[in-house]
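1. Sequence first, then the predicted structure:
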Amino acid sequence: MFDSPNLIVLKSEGKVFGYYGFIHQILPFSCQFFFMQNGAESASEIGIDSFSLDAGKYGYENRNKDYDISGKIFIKNSDWIIQTTDSPPGCGGAVGSFLKGPEDSHPTSYTEVEEVPAIAIRTVIRKTFLFDKKGNVFSRRRGYFTSGDVVAVIEQSDIYSYVRFSHPATGKITTVWVNRKDLENPFPTH
């Protein structure tokens, strides 16, 4: 976890996968993109490819390739700077700037504050209801996620996934069970 709830990073099978999502609460601006490691990493630098998904198209193979952008993650102690060669769609200014690196004046940095074990990053593909679990019994609770929401999967049980969701406008964190069939992998599967 980072000091910004808008950033999700997962380390899996020796690679880094991530998502940044921010929606301005007042103005009609948003910045949302996924990224993944594209090669070897050093102690302080990771090459990445970033991409965005159009509404209703949640798999990597359905992404808009016009928004494929390369970049790097720079790590110093627990501070991360994400720098892309071009602005991801909708990004810049108040919703997130990713053009500056560690040598530039005032780059945006994110501080890693805690490690939370996670299995995967997934996109919600349709309205999915929320569930609580007591023992082995799942019971529906009030609320739901909508298509396009992005979650970190923490645990799986039967047909359910226990997920962590950070609302991209408010930063409010929700941890809850959802039906696994309502989630899709936004990253390439090869």
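-> Yes, it's here. Keep in mind it's a predicted model, so treat the numbers as computed, not measured.
2. I'd say residue 170 and residue 21 touch.
-> No - taking Cβ atoms under 8 Å as the definition, residue 170 is not a contact partner of residue 21, at 11.8 Å. C-beta: built from backbone N, CA, C; applies to glycine.
3. Compare the two (neighbour count), which wins?
-> More crowded of residue 170 and residue 21, by other Cβ atoms under 10 Å: residue 21, with 22 against 10.
4. Now whichever strand or helix holds that one: buried residues?
-> Counting by DSSP states H and E, the element that carries residue 21 is strand 15-23. For strand 15-23, a neighbour-count test (16 or more other Cβ atoms under 10 Å) marks 16-23 as buried.
5. what pairs with that strand, and is each one parallel or antiparallel?
-> The strands that strand 15-23 pairs with in its sheet are strand 7-12 (antiparallel), strand 30-41 (antiparallel) (by DSSP bridges).
6. what comes into contact with the longest one?
-> Spelled out, it's strand 30-41. By Cβ atoms under 8 Å, 6 or more residues apart in numbering, the residues outside strand 30-41 that reach it are 15-24, 46-53, 67, 69-71, 73, 82, 88-92, 95-96, 121, 150, 168, 186-188.
7. ok, now which ones touch residue 160?
-> If you count contacts by Cβ under 8 Å, 6+ apart, then residue 160 has 131, 133, 138, 177-180 around it.
8. same question, residue 55
-> Residue 55 neighbours (Cβ under 8 Å, 6+ apart): 147-148.
9. go on, the one 3 residues further on?
-> Neighbour list for residue 58: 123, 125, 147-148, 184, 186 [criterion: Cβ under 8 Å, 6+ apart].
10. That concludes my questions; thank you for your assistance.
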